[in-house]
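[1] The following comprises the amino acid sequence and a computationally predicted model.
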2 protein chains.
Amino acid sequence: MNAEMLKGHLDNVILATLERGAAHGYAVIEAIRRRSGGHFDLPEGTVYPALHRLELAGLLASDWVDPPAGRRKRVYSLTRAGHDALGERRAGWAEFSRAVGAFLDVSPA
Amino acid sequence: MNAEMLKGHLDNVILATLERGAAHGYAVIEAIRRRSGGHFDLPEGTVYPALHRLELAGLLASDWVDPPAGRRKRVYSLTRAGHDALGERRAGWAEFSRAVGAFLDVSPA
DNA sequence: GCTTCATACCTAGTGACGCTAGGGTATAGA
DNA sequence: TCTATACCCTAGCGTCACTAGGTATGAAGC
């Protein structure tokens, strides 16, 4: 159910996930899967490039963390611009979903 | 507000438009613009290929109509498979929009 | 010790698809 | 004649989710 549907909305999902607190890539994937009840089971090849893209766009910042045990982790957090962007995207999504819902005559859940 | 957002959802919008009755390509574009209150102002280069794609997939059928005045028009209508597909896509959209809305904490309109 | 699995990161290439930019035909009005 | 509107089409581009492959660490099972 991911696939083409998510196009253009993945960034929103990632930003919203990181709004709840910084996390490294692998944890983001798990958080999305858990929080969506399994609806969004995203492969790493989807999420990692998206994180890089968002960082390049200035919406995320990353820090390498070297834990006492285990691999190094790259922890991402929302920047100020990321917070702002998320706000706009929230509004955009509301507008978009209302418009599409109207076409499909789907009474919003 | 079209752009990347619509990816994967354009077909739904077109199918839902044609559910209300057969129409030719140009009329589909206008119907979508009107019915969305201007939100979806789709260029021809978006809609025509989509119509062809949907016909190729068996969800639409087309007939050339030669009116007494004016150009020939290619009129599209939903096939049986198109109706069925629209039903499934409606359910898929409801599920998807609920999931994304939950992430964004957007109380559904 | 060795294998396997889970955790954690990465990227080159593919395919789908909306869009840009262009081209063509017909009718009506300035 | 020129422009505007209605109507159709397509080649190529850019974006982006995904596939498929790679690397590295540590814990658990045999």
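    Arrived safely.

[2] which one's the longest helix in chain A?
    Looking across chain A with DSSP state H, the single longest helix is helix A:80-104.

[3] Any idea how far it is from the middle of the chain?
    14 Å (C-alpha atoms, centre = their mean, to the nearest Å).

[4] Show residues contacting stretch A:89-107.
    Under the contact criterion C-beta atoms under 8 Å, 6 or more residues apart in numbering or on different chains, stretch A:89-107 has outside partners A:9, A:11-12, A:15, A:108, B:1, B:5, B:9, B:12-13, B:16-17, B:32, B:35-37, B:39-40, B:89-90, B:93-94, B:97, B:100-101, B:104-106, B:108-109. For every residue, glycine as well, the C-beta is placed using N, CA and C.

[5] ugh, wrong one, I meant stretch A:52-64
    A:11, A:14-15, A:18, A:51, A:72-79, A:81-82, A:85.

[6] ok, so of these, who is nearest B:Pro67?
    For the contacts of stretch A:52-64, the minimum distance to B:Pro67 (C-beta to C-beta) is 45.8 Å, reached by A:Asp11.

[7] doesn't A:Ala50 make contact with the closest one?
    Yes. Taking contacts as C-beta atoms under 8 Å, A:Asp11 lies within contact range of A:Ala50: 6.5 Å.
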